[in-house]
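>>> Provide a 3D model corresponding to the input given below.
(one chain, ligands or ions: 2)
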Amino acid sequence: MRNLIKSRLKKLVKTESRYTPGGRQGVVVAVATVKGGVGKTTTAVNLAAGLAEEHGLKVLLVDLDAQGHCTTSLAGVVSPSARAELPISEILLSEEERELLDACVETEIGGLWITPADPGLADAEGRISQKIGKELLLRDALEMTRTHFDVILVDCPPNKGNLTLNALLAADQVLIPTDLSPLSVQGADQLVDTVLTVRQRLNHQLEVLGVVLTRVDGRTVTINEEMRQTIEEAWGGLVLDQQIGINTALSQAQMKGEPIFVHAPQSRGAEHYKALAEEVLQRLEIPSRR
Ligand SMILES: Nc1ncnc2c1ncn2[C@@H]1O[C@H](COP(=O)(O)OP(=O)(O)O)[C@@H](O)[C@H]1O
Ligand SMILES: [Mg+2]
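Ligands and ions are numbered 1, 2, ... in the order given. Modelled structure (predicted):
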């Protein structure tokens, strides 16, 4: 008979939270677009590292893609013994009130924290559908966590599925990376469309921080210029001034598991991501702590 009633009525009685507020007001930025291979993860990782290392901010990089590429990209600066209390998918799907703080580990880059790769996210994509308030799981899990960070960057999977939707509803701003290929631009356009739907139908005041042009090849000037003009006509001031050029040091850094500022601090890639971090801070109106 004891097992008959399993309602969580007791939880309605307010109990002391196990989490304490951190005194910061983290801005949540989703790094998202529908297409893969356009530099989302490279941008999320190096922007996060730049904001932490160059600007003294406390930054959390949330790896929301089951492929776990953020984690691979930072494997060289995370101690192999660093273990989070829970994987992120379990926090999202938990019946208890859990915070993302339990999924974070500290990296060796001062101020930079990360949620480690979680293959369970692939399964979570479907399981989330059955939850009440399925779009708001990440937002809930960040309620207290965001007071512990200045900036929270969420690296999204390359689709408009439940996880991306959770990132958009948890986010204050969305950063959309795209290279100049027609399919990538189309993917970015679809994401802009989703942002509008989220604003209108779900009444969430999500802002577009900007579209960042990535993997820009200096040798194909005419094609680039034509595409850039098309993009600027469509998105105007949303396109960030700083674009990221093609630079092999960026892919080498990713393979080595280091941010570009550690792997090749003098490279063009480092220069571009440093300037992007400054432009992003200006747009977010967050003062540098350096
Ligand atoms: N600016 C760049 N120059 C050279 N290679 C890049 C650049 N940006 C990304 N890459 C490489 O392109 C591939 C896809 O980038 P990634 O950031 O993983 O894309 P996404 O997360 O959108 O799938 C990776 O191998 C990465 O190292
Ligand atoms: Mg990626």
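
>>> check the residue lying closest to residue 84 once chain neighbours are set aside and give its pLDDT.
Nearest non-adjacent residue to residue 84, counting by C-beta to C-beta, 6 or more residues apart in numbering: residue 103, 4.8 Å away. C-beta: built from backbone N, CA, C; applies to glycine. You'll see residue 103 listed with a pLDDT of 97.

>>> burial check on residue 30, number of neighbours?
Other residues within reach of residue 30 by the criterion other C-beta atoms under 10 Å amount to 30.

>>> list the contacts for it?
By C-beta atoms under 8 Å, 6 or more residues apart in numbering, residue 30 lies in contact with 154, 156, 164, 167-168, 170-171, 173-175.

>>> ok, 6 Å please
Taking C-beta atoms under 6 Å, 6 or more residues apart in numbering as the criterion, residue 30 is in contact with 154, 156, 167-168, 171, 174.

>>> okay, now the residue nearest to residue 84: neighbour count?
26.

>>> on that earlier part again, which one of the contacts of residue 30 is nearest to ligand 2?
The closest of those to ligand 2 turns out to be residue 156 (C-beta to the ion; 8.2 Å).

>>> how about the closest one, nearest residue that isn't a chain neighbour?
residue 32 is the one closest to residue 156 (C-beta to C-beta, 6+ apart), at 4.0 Å.

>>> quick one: the residue in the chain that ligand 2 sits nearest to and residue 264, what's the gap?
Taking C-beta to the ion as the measure, the chain has residue 41 as its residue closest to ligand 2, at 3.3 Å. With distances taken as C-beta to C-beta, to the nearest Å, residue 41 is found 17 Å from residue 264.

>>> what's the answer for residue 36, then?
In this structure, residue 36 and residue 264 are 24 Å apart, going by C-beta to C-beta.

>>> which of these two has more residues huddled nearby?
Just comparing residue 36 and residue 264: by other C-beta under 10 Å the higher neighbour count belongs to residue 264, 19 against 15.

>>> quick one: contacts for that one?
Residue 264 sits in contact with residue 249, where contact means C-beta under 6 Å, 6+ apart.

>>> can you check residue 194 too?
The contact partners of residue 194, taken as C-beta under 6 Å, 6+ apart, are residue 160.

>>> give me that answer again for 7 Å
Taking C-beta atoms under 7 Å, 6 or more residues apart in numbering, we find residue 194 in contact with 160, 168.

>>> centre of the chain to whatever helix or strand it lives in, how far?
With elements taken from DSSP states H and E, the one containing residue 194 is helix 182-201. Between the centre of helix 182-201 and the centre of its chain there are 17 Å (C-alpha atoms, centre = their mean, to the nearest Å).

>>> touching ligand 1 at all, that helix?
No. Against ligand 1, helix 182-201 shows no contacts by C-beta under 6 Å from any ligand atom, the least distance being 8.8 Å.

>>> what is whatever helix or strand comes next after that helix packed up against?
Past helix 182-201, further along toward the C-terminus, the next helix or strand under DSSP H and E is strand 207-213. Using 3 or more C-beta pairs under 7 Å, 6 or more residues apart in numbering; DSSP states H and E as the contact definition, the elements that strand 207-213 packs against are strand 173-178, helix 182-201, helix 268-284.

>>> return the most buried member of the ones you listed.
Counting by mean count of other C-beta atoms under 10 Å, strand 173-178 has the highest mean neighbour count of the helices and strands packed on strand 207-213, with a mean of 26.
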